[in-house]
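>>> take a look and give me a structure for this.
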Amino acid sequence: MVDRQGEPWCLEANALPGMTSNSLLPKSAAAAGVAFPELCDRIAKLAEVRKHKNSDCP
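Numbers count the residues shown, from 1 in each chain. Alright, predicted model coming up:
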């Protein structure tokens, strides 16, 4: 969330956000111009990067 002065605020860190059409994460992504399929793709790619970064396996 960004206030009227342009200052960003984190309301909460949600380790398991909802992914339905009524959930805030997909709605926030859509407001930023990120469609639901692209959001899912980004999440999967970030998970893959994290997996390899924190693993001894290639």
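>>> got phi/psi on residue 8?
Torsion angles at residue 8 (phi, psi; degrees, to the nearest 10) stand at phi -80, psi 140.
>>> against residue 28, how distant is the nearest residue to it once chain neighbours are set aside?
Nearest residue to residue 8 in three dimensions, chain neighbours excluded: residue 2, at 5.1 Å (CB to CB, 6 or more residues apart in numbering). Where you see a C-beta, it was placed from the backbone N, CA and C, and this is true even at glycine. According to CB to CB, to the nearest Å, residue 2 and residue 28 sit 11 Å apart.
>>> so between those two, which is more surrounded?
residue 28 (13 against 8; other CB atoms under 10 Å).
>>> name the helix or strand for the more buried one, please.
helix 24-31 (DSSP states H and E).
>>> helices and strands around that helix, which ones?
Helices and strands touching helix 24-31, by 3 or more CB pairs under 8 Å, 6 or more residues apart in numbering; DSSP states H and E, are helix 36-53.
>>> quick one: the helix it packs on to chain centroid distance?
9 Å (CA atoms, centre = their mean, to the nearest Å).
>>> quick one: average confidence on stretch 7-19?
Confidence for stretch 7-19, expressed as mean pLDDT, is 85.
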